[in-house]
Structures are given as C-alpha cells and as structure tokens.
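In: requesting a structural model of the entry that follows:
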Amino acid sequence: MAEAALSPIRRNTSLTKEVIDRLRKAILSGELAEGTALPESQTAVKLAVSRVPVREALVELERQGLVEFDDNGRACVRTFTDQDMEEIHTLRATMQVMAARLAAAKMTDTDLQRLEAIVAKAAKTCDLTEFSSLDTAFHDEIVVIARHRRLQVIWNDLRAQIELWLVRQHHRRERKLHDVYEVTLASHRHMIDTLATRKPGAAASLMERHCTWSDFK
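Out: Numbering: from 1, shown residues only. Okay, here's the model as predicted:
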C-alpha cells in the first residue's frame, strides 16, 4: 500500500470526509493502483484514525464506484475493464451534450464567471491529476448551469468514475502528444465563448466534439 498517500491525518475536519478525500485522491492519482487491498485495520493505522471512519469511507467509495468488496467483506481498489471505461466515456459525452444544450439556454453572466474562474485556476497548475480534477469541475459546473435536477443526480452518481476516466485519458495523451494542457484550456475557453452566445445547438455540437478529442488510444 502506498506510504505517501496514507500518511497520518491531522484532525481539523470530519474524519470520515478526510479519509474519503485521501483515499479518493490516491486512487485517482494512481498511488493506490487497481486491485490494491485496503484492509480496515492497516489503513486506519497508516492514517492514524480509528477503524470506524475508514469503514465509513470505504462504503462511500464503493458507492462512488472506486472501491469494491469481495464475498468476505475485504475492500480493494476497483479494477476497471475496457468495457467499463467505454461505458463511462459514452455516458459522459451523452450527459455533457445534453447539459451544454440546456446550459446555453439558461446561462447567466454569473454562470459564465464561475466557468472562467475554473479555467483560470486550471491554467495555473502543473499537476496533471489536479488539472484533470479542474477539468471535471468545469463540466460539473455546466451540469449545474443546465438546471436539470435528475441529470445532476445521475452525473453526481458517476462523477468519481468520470474523473478517474479523465485522469487516465489525460495521462495517456500527455505521454504521447504532450498537449493536454494547451488543448483542454483552449477547448474550455471556446466552450465558454459558445455558451455565452446562448445558442443551444452550437453549444451541444461543440460539446460533442470536445468529449471525443480526449478519446486517445
């Protein structure tokens, strides 16, 4: 189990939330690889917490789709098949095209400012995992702006898996083409400009193209 990922927690927030955040980040970054065992007792010792918040965190991460339990109740980092990744990719694209269409019709100046703030923050980071998190946050915001409650529920249920898929796509593309930062930022700025026109069809078409550029093999 990765040592750096599971150093002791400093108690200034909810322990369960902190354990969830720590394990989630370690899984997304790859510090905790697929199939890595997450025994309650050892994880609790490494994080310097009791087993209760670890147990609660593992249950929540299972709900998010990042952790799985075997028949004996032992937890490990979930392994994703190629089919899993393809399903996540296609669902992400479908939801985002719908969200962009709705968001363009409902966009306010305040909404645009929130999107611009996320892009500005992303432009300042050199950490690709953090950049991927901000990329996902950009798309979170478009779902929020769409103001479609059921779409937001479904998106939130899959969000952790979507972010995991995106992190992996970004790392794979960056190793080969070295253009993830440049292309993503330019695409997001173009998306903001298109949403600002309040033209749903144009926003949906652009989002469909955006959701396929990162499908790099």
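
In: contacts and neighbour counts: CA atoms only from here.
Out: Will do.

In: next, the residue of the chain most remote from its centre: phi, psi?
Out: In the chain, counting by CA atoms, centre = their mean, residue 72 sits farthest out from the average C-alpha position, at 29.2 Å. Recorded main-chain torsions at residue 72 are phi -100, psi 10, according to degrees, to the nearest 10.

In: OK, contacts around it?
Out: Residues near residue 72 by CA atoms under 8 Å, 6 or more residues apart in numbering: none.

In: likewise for residue 92?
Out: Residues near residue 92 by CA under 8 Å, 6+ apart: 162, 211.

In: against residue 23, how distant is it?
Out: Relative to residue 23, residue 92 is positioned 23 Å away (CA to CA, to the nearest Å).

In: do the same with residue 46
Out: 12 Å.

In: got it, and residue 103?
Out: 33 Å.

In: the more surrounded of those two?
Out: residue 103 (28 against 25; other CA atoms under 10 Å).

In: would that one count as being in a helix?
Out: Yes: assigned with DSSP: H, G, I helix; E, B strand; the rest coil, residue 103 falls within a helix.

In: how many other residues sit next to the closest residue to it other than its chain neighbours?
Out: Distances taken as CA to CA, 6 or more residues apart in numbering put residue 146 closest to residue 103, at 4.1 Å, once the chain neighbours are dropped. For residue 146, the neighbour count with other CA under 10 Å is 21.

In: pretty sure residue 146 sits against residue 108.
Out: No: using CA atoms under 8 Å, residue 146 makes no contact with residue 108, being 10.9 Å away.

In: so residue 76: helix, strand or coil?
Out: Assignment for residue 76 (three-state DSSP): strand.

In: how about the residue nearest to it when sequence neighbours are not counted, what does it touch?
Out: In space, residue 76 comes closest to residue 37 once its chain neighbours are excluded; the distance is 4.2 Å by CA to CA, 6+ apart. Counting by CA under 8 Å, 6+ apart, residue 37 touches 1, 74-77.
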